[in-house]
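Participant: Dropping a prediction and its sequence here:
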Amino acid sequence: MLVYDITKRPTFDHVARWVEELRAHADSSIVIMLIGNKADLAADHRAVTTEDAVEFAEEQGLFFSEASALSGDNVDKAFFRVLEHIYAAVSKKSLDSSADPAKANGGALQGDKIDVISGADMEISELKKLSSCSSC
């Protein structure tokens, strides 16, 4: 997730460099989502239009959303959306490697199964328990 502040244009102007660096140093199947933060201040303080961000995201093949870390609006939706796309990319990679007999055992992805519960199905208290830090 690349997050910029919709009230500060320079943060958006740096996103192109961040995308370039991610693509240069990450796996080719990386999932990148662009998030415009501080959507709660959009009415009075917006410096980056939604149209500019959508256009950039489409040109770069990124997923896009606006959210508010302060109010929590769209935060969970953004995380679940990026998780869905990561899962799809990993599943495709696994299928591709298992379809190739030369990669059958060596190329298959290994790991623990993770059950993801939709945020809408969880109580707020359950979400807080999951995000609590034992060393904090």
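Facilitator: That came in fine, so what should we check first? All of these numbers come straight from a predicted model, not from anything done at the bench.
Participant: that's a strand at residue 36, yeah?
Facilitator: Yes: with the criterion set as DSSP: H, G, I helix; E, B strand; the rest coil, the secondary structure at residue 36 is a strand.
Participant: my guess is it contacts residue 69, does it?
Facilitator: No: with contacts defined as C-beta atoms under 8 Å, residue 36 does not count as touching residue 69, sitting 11.1 Å away. Heads up, the C-betas are built off the backbone N, CA and C, glycines and all.
Participant: Which residues in the longest helix along the chain does the neighbour count mark as buried?
Facilitator: Assignment by DSSP state H gives helix 75-99 as the longest helix of the chain. Using 16 or more other C-beta atoms under 10 Å as the test for burial, helix 75-99 gives 75, 78-79, 81-82, 93, 97.
Participant: what helices or strands is that helix leaning on?
Facilitator: Helices and strands touching helix 75-99, as assessed by 3 or more C-beta pairs under 8 Å, 6 or more residues apart in numbering; DSSP states H and E, comprise strand 33-37, strand 63-66.
Participant: now those in TSV, with mean neighbour count and mean pLDDT?
Facilitator: Formatted as TSV, the entries for these read as follows, by neighbours: other C-beta atoms under 10 Å; pLDDT from 0 to 100:
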stretch	mean neighbour count	mean pLDDT
strand 33-37	23	96
strand 63-66	19	94
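Participant: Can you say which of those is nearest to residue 45?
Facilitator: strand 33-37 (12.1 Å; C-beta to C-beta).
Participant: quick one, the closest one and helix 75-99 angle?
Facilitator: Computed by axes from the mean of the first three to the mean of the last three C-alpha atoms, to 10 degrees, the angle separating strand 33-37 from helix 75-99 equals 170 degrees.
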